[in-house]
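Undergrad: Curious how this folds, go ahead:
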Amino acid sequence: MAQGILRNLRAGKTQGNILVFQGAPGAGKTALLNHLKETLQNECVTARLSVSIVHQPDIALFEVLKQLEPKRAKKLKKTYQKRVHGGINVGVGSGGTEVSSSDVPQDITTIQHLMSLRKNRDKPLLLFLDEAQNANGDMPDGKSSILQQLHEGNTGNVSLIAGGLSDTQAKLNQLGISRLSSGNVTTLQPLQDQEVLAAFEAFLDNETFGIDRHGDITRLQQLVVDESMGWPQHLTNTLHAISEELITVNGRLAECDISAIQQRSQARREEYYSHRAETIPTPLLFEVVSTIPKGHGVSELEVHKTIERAYAHEPILEKMLPSEDAYDVLIHRGVLQADATGNLTVPIPSMHDYIKERTRSFGQTVSARPWALIEEKGGSYAR
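TA: Predicted coordinates:
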């Protein structure tokens, strides 16, 4: 995969050279991007793009330049400020007002211009963009976003590796990035048991506090498989829990308390799920998840109907989360994901269980409308 990217860059095949890794929360997108960045940085010049400014070429490209050529970026900034503000001290505009870096245009609006400012122009430039499902499109003045410049080509030996939730390709289509070949988009799937065990072995080999591997560790291996459920985020949580237990038993692997590791792992998993759902009102979570059988999907139309029904029954929801944003939030927070058939499902079975349990008390007291009572007292039931 990584070598294929390099071959395309070296051959000048840059048109549409955007590689997308998408998947459910916890599928390992961020870890994969970090791994690729580390793996490729010897043969490429690498830099990160911030999804919040990717649609603003002058700001985004200047942020990349600061990573690649910090001294040159600083010099350009000073030159611009002296020209615009008549030689007034850097960081101070006319009238004594402070000027932040985001307020100062840098006159870099194209990738070609950025490339002309680089010292090392022989190496390909590889950009990394995480949370790509949150990317925005053109600015009102008509400037092309970095994504569109890359997709149109003619940018030199530059490529982008993007990671995002399962609707990332669909979101890019909305931004005009609609000609990505199937080979450029990879939907991450759960790990196989042997992959989980291989990761566990690598973890044991890399630990630095002295692990005594004598004794039977079969139960511990099975715990790692069971707790991870094939999801890299859960695997990471389980390995963290094992690290904590190893400290208490002075590195003796066979003496690890399986139940203690399991409790720590599950606590981390629930904390992660809580974070994913924290901005979604509980009534909406209850209504939507209740309509989706565990391990199965429903049509997008059915989800939209459920959202409409929830907001029609309880107008108070509009104050918590505008109804027009509800569907996108459910997708972008990873609560829902399209399956292979195009239906929507809660992507991780244990997440489905967690949300059902979290909203159980709400379902049992739905006639009391507790969120409405809380809202009347000036509180919030968003969590």
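
Undergrad: Tell me where the model's unsure across the stretch 151-300 of the chain.
TA: Counting by pLDDT under 70, the stretch 151-300 of the chain contains low-confidence residues at 207-209.

Undergrad: ranges for the strands of it?
TA: For the stretch 151-300 of the chain, applying DSSP state E, counting those that start in this stretch gives strands covering 158-164, 185-187.

Undergrad: Columns distance to C256 on top of those, output as CSV?
TA: Yep, even glycine has a C-beta here, placed from its N, CA and C like the rest. Output for these, formatted as CSV (distance: least, C-beta to C-beta, whole Å):
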stretch, distance to C256
strand 158-164, 33
strand 185-187, 35
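
Undergrad: Can you pull up the most central residue in this structure?
TA: Centroid-nearest residue in the chain: E131, 3.5 Å away (criterion: C-alpha atoms, centre = their mean).

Undergrad: mind listing what that residue touches?
TA: Contacts for E131 (C-beta atoms under 8 Å, 6 or more residues apart in numbering) come out as V51, G163, G164.

Undergrad: Neighbour-wise, give me the winner out of those.
TA: Within the contacts of E131, most neighbours by other C-beta atoms under 10 Å means G163, with 27 neighbours.

Undergrad: Now do the residue lying closest to it once chain neighbours are set aside, the pLDDT please.
TA: The shortest distance from G163 to any non-neighbouring residue, by C-beta to C-beta, 6 or more residues apart in numbering, is to K29 (3.7 Å). The model reports K29 with a pLDDT of 90.

Undergrad: what's near enough to touch K29?
TA: Contact analysis of K29 by C-beta under 8 Å, 6+ apart lists F21, Q22, G23, D130, G163, G164, L188.

Undergrad: Report the contact partners of the first one.
TA: Contacts for F21 were tallied using C-beta under 8 Å, 6+ apart; they are K29, L32, L33, I161, A162, G163, G164, T186, L188.

Undergrad: my read is it is in a strand, agree?
TA: Yes: counting by DSSP: H, G, I helix; E, B strand; the rest coil, F21 falls inside a strand.

Undergrad: ok, I280 - contacts?
TA: L321, V329, L330, R333, V335, A382.

Undergrad: pretty sure the third one is in contact with V288, am I right?
TA: Spelled out, it's L330. Yes: look at L330 against V288 with C-beta atoms under 8 Å: they come within range, at 6.5 Å.

Undergrad: where do the contact lists of those two overlap?
TA: Joint contacts of L330 and V288 (C-beta under 8 Å, 6+ apart) are V303, L336.

Undergrad: And the residue nearest to the centre of the chain, how far from P57?
TA: Applying C-beta to C-beta, to the nearest Å, the value for E131 to P57 is 19 Å.

Undergrad: how many other residues sit next to Y354?
TA: When neighbours are counted by other C-beta under 10 Å, Y354 registers 21.
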